[in-house]
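Asks: After the sequence you'll find the predicted model.
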Amino acid sequence: MNFRNQKITTAAALLLVFAVAQVYIGVSFAGSNGGGVPVAPPQQLMGILTTSDNQPVLVNGVSTISGATIPAGAVIETPDKVRATITVGGLGTVCIGPNTKLTLDFDQNGKKGNVNVLLTAGCVIVATAKDVKGQITAASQITPTTGGTIDVCLNAGEPAVVNKGAAANAGAGAGASCLPPAGAAAVPPDWDLGTRATAAIIGGTGVTLCIIFCNPSPSSP
């Protein structure tokens, strides 16, 4: 083979390699989403932490302050006199009292989702938006709520105190209210129909009495 033929053979080989590389790249991009543009992975749902006076709490054993992101499955521990709130996207909020330890889990499927708390000790309030199920496990399963609040305190050697306002009285939450987000149930989940009816009757009676006594008829001329 002379020098000229060797140059032609080399050039042909290089062209073949280049062509194969271009085909491989095109197939790779097309396979990503059919349009030739790579698809970004879905963003993971995270909670946002707020602590009282920006004091640190432990998240998975690491000292953490306000503004930190909280992943699903995280273990949260608050020291004495330190409160915390975790806002989980549009799902709801978890308000934590001092001297509390819990594991927080959550997930979302469209507008629906779950916020689950495994309470080891202390006080917590879970408030969820409409169509989001909130649940607390504290020594025994607590009746869950959808679009409402659950208030639970658990002290060593004692049964859990459920929906009695104990967690609110303990100062659960930091820098944010643990009332249900917009569109959620406006009454505690443990109210039964009779309690609601009694409240409505009392409220209606009060309005009627105010109309009669708060607005006396004008004197006759």
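Replies: Looks like it came in fine. Everything numeric in this text was worked out from a predicted model, so none of it was measured.
Asks: Quick check: closest non-adjacent residue to Gly97.
Replies: Nearest-residue entry for Gly97: Cys123, 3.6 Å, with adjacent residues in sequence omitted and distances by C-beta to C-beta, 6 or more residues apart in numbering. (Each C-beta comes from the backbone N, C-alpha and C, glycine too.)
Asks: Now that neighbour: which helix or strand?
Replies: Using DSSP states H and E, the secondary-structure element containing Cys123 is strand 112-128.
Asks: which secondary structure elements does that strand contact?
Replies: Packing partners of strand 112-128 (3 or more C-beta pairs under 8 Å, 6 or more residues apart in numbering; DSSP states H and E): strand 92-96, strand 100-109, strand 132-138, strand 149-154, helix 166-169.
Asks: possible to save those as CSV with mean pLDDT?
Replies: As requested, the helices and strands packed on strand 112-128 are exported to CSV (pLDDT from 0 to 100):
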stretch, mean pLDDT
strand 92-96, 95
strand 100-109, 94
strand 132-138, 93
strand 149-154, 94
helix 166-169, 91
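Asks: could I get these as a markdown table with mean neighbour count and distance to Val75?
Replies: Converted to a markdown table, the helices and strands packed on strand 112-128 look like this (neighbours: other C-beta atoms under 10 Å; distance: least, C-beta to C-beta, whole Å):
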| stretch | mean neighbour count | distance to Val75 |
| --- | --- | --- |
| strand 92-96 | 29 | 12 |
| strand 100-109 | 18 | 5 |
| strand 132-138 | 23 | 14 |
| strand 149-154 | 26 | 15 |
| helix 166-169 | 20 | 19 |
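Asks: tally of neighbours for the residue nearest to Gly97?
Replies: 29 (other C-beta atoms under 10 Å).
Asks: so what's it up against?
Replies: Residues near Cys123 by C-beta atoms under 8 Å, 6 or more residues apart in numbering: 96-97, 100, 152-154, 166-167, 170, 172.
Asks: Can you give the domain ranges for the protein?
Replies: Segmentation of the chain into domains, based on automatic domain parsing, reads 1-41, 47-190.
Asks: Can you flag the weakest of those by average pLDDT?
Replies: For the domains of the chain, the bottom mean pLDDT is recorded on domain 1-41, which sits at a mean of 51.
Asks: looking at this, Gln44 is in a helix?
Replies: No - looking at Gln44 with DSSP: H, G, I helix; E, B strand; the rest coil, it is coil, so not inside a helix.
Asks: any idea how far the closest residue to it other than its chain neighbours is from Gly47?
Replies: Nearest non-adjacent residue to Gln44, counting by C-beta to C-beta, 6+ apart: Pro71, 7.3 Å away. Distance from Pro71 to Gly47, counting by C-beta to C-beta, to the nearest Å: 8 Å.
Asks: what about these two, which has more around it?
Replies: Gly47 (24 against 14).
Asks: so Asp151 makes contact with Ala167?
Replies: Yes - with contact defined as C-beta atoms under 8 Å, Asp151 counts as touching Ala167 (4.5 Å).
Asks: which stretches of this structure form strands?
Replies: 47-51, 57-59, 62-64, 69-70, 74-78, 84-88, 92-96, 100-109, 112-128, 132-138, 140-141, 145-146, 149-154, 161-162 (DSSP state E).
Asks: So in that sheet, which strands flank the last one, and in what orientation?
Replies: Put plainly, it is strand 161-162. strand 149-154 (antiparallel) (DSSP bridges).
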